[in-house]
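Visitor: Provided below for reference: sequence and predicted model.
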Amino acid sequence: MAALKRIIDLSNKDTQQAWEDVRNDATDTNWILLTYDDNGEVILCGKGSSGLNEMKKKLRDNQIYVGVIRVRAVDDFGSQRAKFVYINYVGINVPTLRAARASMHKRDFERFFHGYHIQIHADSQEELSEDNIIALLQACAGAHKPQAYKFS
């Protein structure tokens, strides 16, 4: 596996379109996941419309991923609001030096995935459970807390 690049390129049209689709309530796409290829370049790993469990199937413990999932906050009045969860996943089998090098790209990814509501930094899929995400969303919900969250 090649060393990660110092500067990452997030200008790929497929990557940009996938992120626009996640942000667009009119599309079914509700998650995007980026990773590094064997040459250390950032690539689109996947996107989908079936929510968190579909996205988690892409995760491997020897890889680094960055992405966003759109979750729907639902209240008793019938209101549904999109909430965006930024995910930084560093698998437990990723070498420490590779993970440290990837941390150089944190700001670039955060700028690219602008407008998210919460961040999750995880090294296991258990940390990406619906219950954990709901707890984090509820903690930042303010006075008008939703009654439920939809993940797909």
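Guide: Perfect, thanks for sending it. Residues are numbered from 1 along each chain as shown.
Visitor: relative to the whole chain's centre, how far out is the least confident helix or strand in the chain by mean pLDDT?
Guide: Sorting the helices and strands of the chain by mean pLDDT, DSSP states H and E puts strand 148-150 at the bottom, at a mean of 87. From the chain centre to the centre of strand 148-150 is a distance of 17 Å (CA atoms, centre = their mean, to the nearest Å).
Visitor: neighbouring strands - and their directions - for that strand?
Guide: strand 64-74 (antiparallel) (DSSP bridges).
Visitor: check which residues of the least confident helix or strand of the chain are buried.
Guide: Tyr149 (16 or more other CB atoms under 10 Å). C-beta: built from backbone N, CA, C; applies to glycine.
Visitor: what's around the nearest residue in space to Lys58 that is not next to it in sequence, how many residues?
Guide: Excluding the flanking residues, the one nearest Lys58 by CB to CB, 6 or more residues apart in numbering is Gly46, at 4.8 Å. For Gly46, the neighbour count with other CB atoms under 10 Å is 17.
Visitor: got the angle between the helix or strand hosting Gly46 and strand 64-74?
Guide: Assigned by DSSP states H and E, Gly46 belongs to strand 42-48. Angle, strand 42-48 to strand 64-74, by axes from the mean of the first three to the mean of the last three CA atoms, to 10 degrees: 30 degrees.
Visitor: what does strand 42-48 contact?
Guide: 8-10, 12, 14-15, 18, 21-22, 29-37, 54-55, 58, 65, 67, 105 (CB atoms under 8 Å, 6 or more residues apart in numbering).
Visitor: please name the residues that touch Leu52.
Guide: Trp31, Ile69, Val71, Leu128, Glu130, Ile133, Phe151, Ser152.
Visitor: and the fifth one, how many neighbours does it have?
Guide: This means Glu130. With other CB under 10 Å as criterion, Glu130 counts 14.
Visitor: distance-wise, check the residue nearest to it when sequence neighbours are not counted relative to Ala141.
Guide: Residue nearest to Glu130 in three dimensions, not counting chain neighbours: Phe151, with 5.7 Å by CB to CB, 6+ apart. Computed as CB to CB, to the nearest Å, the Phe151 to Ala141 distance reads 16 Å.
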